[in-house]
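K.L.:
what's the 3D shape of this:
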Amino acid sequence: MIRKAQITDIPRMITLLNQVLEIHAKIRPDIFVSGKTKYTVEQLEDILKDETRPVYIFADDNDECMGYCFCQIKDIPKAEFMAPIKILFIDDLCVDESKRGEHIGRKLFDHIKEEAKKLGCYEVTLNVWEGNDSAIAFYKNMNMKVKEYQMELIL
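P.N.:
Predicted coordinates for the structure are as follows:
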C-alpha cells in the first residue's frame, strides 16, 4: 500500500535515510559523513507538515514503511527566456535493502508519476550521484533521461 507518510513512520524513515546515506558515503566519503542521516526527526516532522513537500511511503501488510519517496513541488515562474512550469522533484527515494528487487521502487515511482499528473506538473525530476550505478539503472528503467549535467572540479 502506498500512502502519505505520518509522524509514526519517522523511526523507519530514519532507518532508510541512514541506508541511503551509507550508499552515498561509500561513493563520496569526501562529502557524506557515515553514520548520519539527511534529516533529523525534527526536520522530518516539519517536512510532513509542509504541503509542498509530500512524502509517500510503501507500507507492508503490517503498515510498516518499507520504502519512501520524498518529493518537492516546485513552481518555476515565467522568465523572459523560459516558460513557467510546475515540477515534482524527487528529493529522495529509498527501498529497504532487505526488500530491494520486489518492485517497491517501481510502485513508488509509478505512484509519484500519477500524483505529478494530478497536480498538473510538467515533469518529474531528480538528482542522482555519479557512481550510484544501481540508482542510475533504476531511473533509466523508469524511462528517465539526463536533462542536464552538474560538473565539478575538486581543488
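
K.L.:
C-alpha only now, for contacts and for neighbours.
P.N.:
Will do.

K.L.:
Which pLDDT does the model give the residue with the largest distance to the centre of the chain?
P.N.:
Computed with C-alpha atoms, centre = their mean, the residue of the chain farthest from its C-alpha average is Glu80, at 30.6 Å. pLDDT recorded at Glu80 is 86.

K.L.:
Report how many residues lie close to the closest residue to Pro84 other than its chain neighbours.
P.N.:
Sequence neighbours aside, Lys78 is the residue nearest to Pro84 in space, at 4.0 Å (criterion: C-alpha to C-alpha, 6 or more residues apart in numbering). Neighbourhood size, Lys78 [other C-alpha atoms under 10 Å]: 10.

K.L.:
sorry, back to before: how much space is there between the residue farthest from the centre of the chain and Glu148?
P.N.:
20 Å (C-alpha to C-alpha, to the nearest Å).

K.L.:
And the strands in the protein, which stretches?
P.N.:
2-4, 55-59, 65-76, 85-95, 123-126 (DSSP state E).

K.L.:
ranking those by burial, who's on top?
P.N.:
strand 55-59 (a mean of 23; mean count of other C-alpha atoms under 10 Å).

K.L.:
Report the distance from that strand to the chain centre.
P.N.:
11 Å (C-alpha atoms, centre = their mean, to the nearest Å).

K.L.:
which residue packs closest to the residue sitting nearest the centre point of the chain, ignoring adjacent ones?
P.N.:
Nearest residue to the geometric centre of the chain (C-alpha atoms, centre = their mean): Asp92, 2.0 Å. Spatial nearest neighbour of Asp92, chain neighbours left out: Phe70 (5.0 Å); criterion: C-alpha to C-alpha, 6+ apart.

K.L.:
tell me the pLDDT at the one you found?
P.N.:
So Phe70 comes in at 98 (pLDDT).

K.L.:
Isn't it up against Thr52?
P.N.:
No: the pair Phe70 and Thr52 does not pass the contact test of C-alpha atoms under 8 Å, sitting 10.6 Å apart.

K.L.:
what residues are up against Leu108?
P.N.:
By C-alpha atoms under 8 Å, 6 or more residues apart in numbering, the residues touching Leu108 are 2, 56-58, 67-69.
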